[in-house]
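J.: Sequence first, then the predicted structure:
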Amino acid sequence: MAFNPKNLVKVFEAGDPFRNDPPDAESYYAAIGRIVAIWGRFEQMLEQSISMMSVLSDAPKPNEPPQVSYKRKLGQMKVLCRDTPSLNHIHDAVRTFASTAKILGNKRHELTHANWQGFSKKAPEPTVIFSNISWDTARACRG
């Protein structure tokens, strides 16, 4: 059975927020769903890598429990590679990886926590307009 987002909306009796979407909007929503699924796999791989690095015999024993925050996990991975002699040779590569992963994490955060404004009528392909508002900044983004 195919997922129909209109059925979910009926449960909450919120009307149909999809009524003004272009005909090909569902493919855009499917792509967003895939991004969310892939991200879950990526973070799980990151946690497993940190776990494996932490049990190396020359790894420093952690003073605190494993990190929960994504950015802290990246930091923990860099510190492990810096402070574990058998991992020193990959420290520069891990720093580069963590820098790129942080940028991707920010983009994923904007995408999944955005206030969706709808599709742009002027764009040549499905383009969603959304904004992310926080206590210290307000900025509009296009996805």
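T.: Thanks, I have it. Quick caveat, the model's predicted, so the values are computed rather than measured.
J.: For the closest residue to residue 59 other than its chain neighbours, list the residues it contacts.
T.: Leaving aside its chain neighbours, residue 59 sits nearest to residue 84 (4.5 Å; criterion: C-beta to C-beta, 6 or more residues apart in numbering). For glycine as for every other residue, the C-beta is placed from the backbone atoms N, C-alpha and C. Taking C-beta atoms under 8 Å, 6 or more residues apart in numbering as the criterion, residue 84 is in contact with 53, 56, 58-60.
J.: Residue 84 and residue 127: what is the separation?
T.: 45 Å (C-beta to C-beta, to the nearest Å).
J.: again with residue 48
T.: Relative to residue 127, and taking C-beta to C-beta, residue 48 is found at 36 Å.
J.: got it, and residue 89?
T.: From residue 89 to residue 127 the distance is 44 Å (C-beta to C-beta).
J.: out of the two, which sits in the busier spot?
T.: residue 127 (14 against 9; other C-beta atoms under 10 Å).
J.: Leaving out chain neighbours, which residue sits closest to the more buried one?
T.: Going by C-beta to C-beta, 6+ apart, residue 127 has residue 120 as its nearest residue, at 4.4 Å.
J.: again with residue 83
T.: residue 60 (4.9 Å).
J.: This structure: helices as residue ranges?
T.: 5-12, 25-54, 70-83, 91-112 (DSSP state H).
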